[in-house]
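Trainee: below is the structure, and that's it, no one-letter string:
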């Protein structure tokens, strides 16, 4: 049978596939829309399987904060190139997934990918179809949901590259934004010492101890050296110990005290962290922006 332009248009609306792909699928399925749709999904899955091993370290960080400030979502969706990361099809998919996470609160990536978008399409099927259209690997890498009963959640996005959520009790909207920007720039490992894994603290102390022993100084002096270096490490790597990026004369602990506020939680995502990727100085960009403000 002949495939009409209307049939192609209808299939494109259902699958978001390209015009030629839709026409080929309709020809192969002899005009059966359901069979053509299934055929396109299978081709998308096959394409996704071929590309699954390719490194996807570009992409976007998406942030969603509810109107009442009681819920915040961060999600990272990756692709292979910055060119695709800026495409409407990719950013639209990432935004839809973030909306799903905020509304349905999945407990795992598996549960997320098995969920359905507003158009009724399974998220994993939509991901595979997107891979087939753009020709790059696409990965929904991670997400975080933060909910608070007291205070509110503030956020900061540095383009698509860094996203932060910070839970603040008794703070103003401006303070919350400043804290989120500070966290983006300074990347604290925890709010205070209790937020840093114990094995990490032990490892740092062992490194400082080894370095101090190489000096040949007495044991009592070595302990003082190690204690001093650990104190410096904690100041530089805990939120409360760090100097505020917009006013380095005060620490974050002092800033919070001056405002009668308290930070109860922080989440910071940096695009592609831990993946093989080019070296972009996102932190330097945030520091420069904070200084400009």
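Mentor: Looks like it arrived, so ask away. What you see is a predicted model; the values in this text were computed from it and never measured. Numbers count the residues shown, from 1 in each chain.

Trainee: according to the record, where do the domains of the chain fall?
Mentor: 5-51, 54-147, 197-234 (automatic domain parsing).

Trainee: so which residue is dead centre in the chain?
Mentor: Geometric centre of the chain, nearest residue: residue 76, 3.6 Å, by Cα atoms, centre = their mean.

Trainee: so what's that one bridging to?
Mentor: Here residue 76 shows beta-bridge partners residue 61, residue 142, assigned using DSSP bridges.

Trainee: you'd agree it is up against residue 143?
Mentor: Yes. At 7.4 Å, residue 76 counts as touching residue 143 under the criterion of Cβ atoms under 8 Å. For every residue, glycine as well, the C-beta is placed using N, CA and C.

Trainee: could I get the full set of helices for the stretch 1-150 of the chain?
Mentor: Per DSSP state H, counting those that start in this stretch, the stretch 1-150 of the chain carries helices over the ranges 5-15, 19-28, 33-51, 82-85, 88-104, 109-113, 123-134.

Trainee: quick one: closest of the ones you listed to residue 185.
Mentor: Of all the helices of the stretch 1-150 of the chain, helix 82-85 sits nearest to residue 185, with 21.7 Å by Cβ to Cβ.

Trainee: for the closest one, buried residues please.
Mentor: 84-85 (16 or more other Cβ atoms under 10 Å).

Trainee: least trustworthy helix or strand in this structure by mean pLDDT?
Mentor: Lowest on mean pLDDT, DSSP states H and E among the helices and strands of the chain sits helix 33-51, with a mean of 61.

Trainee: surely residue 212 meets residue 219?
Mentor: No. Using Cβ under 8 Å as the test, residue 212 is too far from residue 219 to be in contact (9.7 Å).

Trainee: who has more neighbours, the two?
Mentor: It is residue 212, of residue 212 and residue 219, that has more neighbours when counted by other Cβ atoms under 10 Å, with 19 against 9.

Trainee: include distance to residue 161 when you put the domains of the chain into a markdown table, please.
Mentor: Formatted as a markdown table, the domains of the chain follow (distance: least, Cβ to Cβ, whole Å):
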| stretch | distance to residue 161 |
| --- | --- |
| domain 5-51 | 23 |
| domain 54-147 | 7 |
| domain 197-234 | 25 |
